[in-house]
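S.K.: A structural model of the following input is requested.
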Amino acid sequence: MKHNYEALIILDLKGKDESVETLVSNISKDFEKAGAKLEQIDRMGKRDFPYSPRHVTSGYYVKYHVNAESTVLDAVRAKLKLNESVYQQYYQRA
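M.R.: Residues are numbered from 1 along each chain as shown. This is a model prediction of the structure:
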């Protein structure tokens, strides 16, 4: 059964040659390839972290609104875990 989810992806841009738009579109393609339907993408911008975990001082926040099954999100989560540009990822049912 499909549900609406919000996926908050934090990108690490430190030392990356790719543009933000390229990274956002690549992640969007990952969602669509897995079978999720993208409803909306909110680019929340670059924000500083209150402390520097793993020597990263800031990240670019992107919120994806998707309609998918939970198994699809598990597949996307596993794929994005291998992406070096993805610093953290959070999912919640909307």
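S.K.: Show me where the chain has its helices.
M.R.: 20-34, 70-81 (DSSP state H).
S.K.: Make TSV from those and add distance to residue 13 and mean neighbour count to it.
M.R.: (C-beta placed from N, C-alpha, C; glycine too.) Shown next, in TSV, are the helices of the chain (distance: least, CB to CB, whole Å; neighbours: other CB atoms under 10 Å):
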stretch	distance to residue 13	mean neighbour count
helix 20-34	7	16
helix 70-81	16	15
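S.K.: Export the ones you listed to CSV and append columns for mean pLDDT.
M.R.: Formatted as CSV, the helices of the chain follow (pLDDT from 0 to 100):
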stretch, mean pLDDT
helix 20-34, 96
helix 70-81, 96
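S.K.: Distance to residue 52 added to those helices, as TSV?
M.R.: What follows is these, written out as TSV (distance: least, CB to CB, whole Å):
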stretch	distance to residue 52
helix 20-34	21
helix 70-81	22
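S.K.: Tell me which residue lies nearest the centroid of this structure.
M.R.: A centroid search over the chain (CA atoms, centre = their mean) returns residue 9, at 2.9 Å, as the residue closest to the centre.
S.K.: Just to check, that one is in contact with residue 79?
M.R.: No: taking contacts as CB atoms under 8 Å, residue 9 lies outside contact range of residue 79: 11.9 Å.
S.K.: ok now stretch 73-89, how far from the chain's centre?
M.R.: Counting by CA atoms, centre = their mean, to the nearest Å, stretch 73-89 is centred 7 Å from the centre of its parent chain.
S.K.: swap in stretch 6-21?
M.R.: 8 Å.
S.K.: Buried residues, that stretch. List them.
M.R.: Of all the residues in stretch 6-21, those buried under the rule 16 or more other CB atoms under 10 Å are 6-7, 9-13, 20.
S.K.: Residue 2 reaches residue 67, doesn't it?
M.R.: Yes: using CB under 8 Å, residue 2 is in contact with residue 67, at 5.5 Å.
S.K.: anything in contact with each of these two?
M.R.: Both residue 2 and residue 67 are contacted by residue 37, under the criterion CB atoms under 8 Å, 6 or more residues apart in numbering.
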